[in-house]
Every structure is written in C-alpha cells, then in structure tokens.
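Participant: When you get a sec, could you give me coordinates for this:
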Amino acid sequence: MKILFLGDVMGRAGRTAITTHLPRLRDAWKLDFVVVNGENATSGMGLSADHAKLILDAGADVVTLGDHAFDQKDMLGFIEKENRIIRPMNYSKAAPGVGARVFSASAGRKVLVAQVLGQVFMKRPFDDPFSALDAVLRQYPMGGQVNASLIDIHCEATSEKMAVGHFCDGRASIVVGTHTHVPTADAMILPGGTAYQTDAGMCGDYNSVIGMEKTEPLRRFITGMPKSRFSPAMDEATLSGLYVETDNMTGKATRTVMVRQGGRLSQTGPA
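Facilitator: Modelled structure (predicted):
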C-alpha cells in the first residue's frame, strides 16, 4: 500500500499548498491513502469546519489535529459529524470525537489511524500516550484486524517521539511526529518494520519562524516584549511529509521517503 502523511498545515499558505499539490501527487504517485495534520490550518491556530472540508476535498482520507484541536470552536460540533477527523486520544476524556479509527483504503484494505499527544514540555498535562497506544495496537494488530496502521505523535520532545517509535516498532506501519513544524532528516525503517520520522515538518511558508510571519517573533526574542499578535507567513508554502510503502500481508513498511514539494525546500519524493 502507498501511504502519504503530510505535516502540520499552517494558515492560508499551507492550505494553498495542499489544494495545489495534493491532487497532483495523489494521481502521480498512485496513492492508496493520505493523512494530513491540519491543526494549524485556520489562522495558525486550530482547524475550522470549512478548512477541514477543503483539505478532505483536496484528497486527504483523514485529517488529524493536535493540542490546538478545538481552538476553532465549530470543530467541537463538526468532529462529531465528520468521522474523518481524528483528535488526540489522550486529549481529554470529555473531548468530542475519537483518537483512533479504522478507515477503508483502496481495494477494501483497512488502515488504522491514531494520534496521541506527548507529555514532555507541553503546556498542559495529558494522559500517558504509551498506555493509550498499547491498548489500540492490541485491539487492531497488523495482518489481522488492519492491513496498515499510522500513528501521529504530536509533541515537543524529539526523545519522546523516538521512544514512541521504538515502542510501536513492529506493531504499526508508520510512526510520524508533528507539532514542531521543522522537518527532521531521520526518515527510516526501524528494525521491526515501522517507518519512522521524528517530525514531518509543516505545510507552510518556511521563510518564517515555524510558519509565523517573522517580525513579531523576532521582536519578542530580541526585546522580550510583545507588540502584536502572531500571524501566519503568506509566501509560497512547501508541502512536507513522509511517503511510505507497506507490505499488504504484514503491514510492515518496505520503503519510506521524505517528501518536499513546492516552496523553498529542496524537492524530494518517491519518484
């Protein structure tokens, strides 16, 4: 199976990159399944229902969220109606929606998509991501209940993301990190057959400070004083993510390639 994961969509520039590149890539790379992290797609903070529909209409099979899952208040109701939206499973027991679900891919194959939040350096305490993942992966083993599985680990610390990767090795097809908006150069297949990347990067304008227009972040770093609100950078965005091919019988990864399309970063992909 050919699976594409795309990192945090950042504001209007990121949405434009999705609508510009994803339909083309879905066709050119003959993708079977696409997951997009959309938690910063609306003004850099959260995801609105309209922008969720735009990403899904552009070719995403599933949209994951993150710690800003419900910054846009209409998502509280929309996630209950749209089962292709996944929020972190350890966000809150009272949160609407679900953190893991099995979806249908091409040829009737089943794909588990799950998301967890990390605990290290995050602004609020979240439940243990390891026990949450363990329960889901036991319920949906690869080669049994599902043909493939993808875990979006949304957190700050690279060490915690790596620990989740090794914890899930051989039990998930893909473990990929989000949240920091900076792509890491460590895409690999772990010994047990899990494709891994510490952070997929963002779908946003890289002439920025993690997707935000540079002026205000620079002012705060230099002076320690805020003057205005952050706003997403608006130049051409790079679409960043991870491409993975999996074995249809075992669900294990057989190939993985970092993806960069458009914008300022060097172009990479499976071709």
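Participant: If you count residues, where's the longest helix of the chain?
Facilitator: The longest helix of the chain (DSSP state H) is helix 11-28.
Participant: counting contacts, what elements does that helix pack onto?
Facilitator: strand 2-6, strand 8-9, strand 33-37, helix 49-57, strand 202-203, strand 239-246, strand 253-261 (3 or more C-beta pairs under 8 Å, 6 or more residues apart in numbering; DSSP states H and E). For the C-beta atoms, the positions are set from N, CA and C on the backbone; glycine is no exception.
Participant: neighbouring strands for the first one, and are they parallel or not?
Facilitator: The pairing partners recorded for strand 2-6 under DSSP bridges are strand 33-37 (parallel), strand 239-246 (antiparallel).
Participant: Could I get those strands in CSV, plus columns for mean neighbour count?
Facilitator: Formatted as CSV, the strands paired with strand 2-6 follow (neighbours: other C-beta atoms under 10 Å):
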stretch, mean neighbour count
strand 33-37, 27
strand 239-246, 26
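Participant: give the contact list for D199.
Facilitator: G7, T158, K161, V176, G177, T178, H179, T180, H181, V182, P183, T184 (C-beta atoms under 8 Å, 6 or more residues apart in numbering).
Participant: And these, which is closest to G144?
Facilitator: V176 (22.4 Å; C-beta to C-beta).
Participant: Against V259, how distant is the closest residue to C155 other than its chain neighbours?
Facilitator: Using C-beta to C-beta, 6 or more residues apart in numbering and skipping residues adjacent in sequence, the residue nearest C155 is G118, 2.2 Å away. Per C-beta to C-beta, to the nearest Å, G118 is found 23 Å from V259.
Participant: The two: who's more crowded?
Facilitator: Neighbour count, other C-beta atoms under 10 Å: between G118 and V259, V259 has more, with 27 against 23.
Participant: Does that one touch L242 like I think?
Facilitator: Yes. Counting by C-beta atoms under 8 Å, V259 touches L242, with 6.3 Å between them.
Participant: intersection of neighbour lists for the two?
Facilitator: L4.
Participant: The residue lying closest to Q139 once chain neighbours are set aside: neighbouring residues, count only.
Facilitator: Counting by C-beta to C-beta, 6+ apart, Q145 is the residue found nearest to Q139 once chain neighbours are left out, at 7.1 Å. Per other C-beta under 10 Å, the neighbour tally for Q145 reads 12.
Participant: got a list of what Q145 touches?
Facilitator: The contact partners of Q145, taken as C-beta under 8 Å, 6+ apart, are V102, K110, L112, Q139.
Participant: Would you map the strands across the protein?
Facilitator: 2-6, 8-9, 33-37, 62-64, 85-86, 100-104, 110-117, 148-154, 174-178, 188-189, 195-197, 202-203, 239-246, 253-261 (DSSP state E).
Participant: got a list of what A187 touches?
Facilitator: Per C-beta under 8 Å, 6+ apart, neighbours of A187: A195, Y196, Q197, L242, T256, V257, M258.
Participant: Relative to its centre, which residue of the protein is most distant?
Facilitator: T223 (33.1 Å; C-alpha atoms, centre = their mean).
Participant: Which pLDDT value belongs to it?
Facilitator: For T223, the model assigns a pLDDT of 95.
Participant: where does it sit relative to K93, distance-wise?
Facilitator: Applying C-beta to C-beta, the value for T223 to K93 is 41 Å.
Participant: ok, now how distant is the residue farthest from the centre of the chain from P217?
Facilitator: 11 Å.
Participant: now I86
Facilitator: On the measure of C-beta to C-beta, I86 and P217 end up 29 Å apart.
Participant: Repeat that for R171.
Facilitator: From R171 to P217 the distance is 38 Å (C-beta to C-beta).
Participant: Those two: which has the busier surroundings?
Facilitator: Set side by side, R171 and P217 show more neighbours around R171, with 22 against 15, by other C-beta under 10 Å.
Participant: Before I go, just wanted to say thanks for your time.
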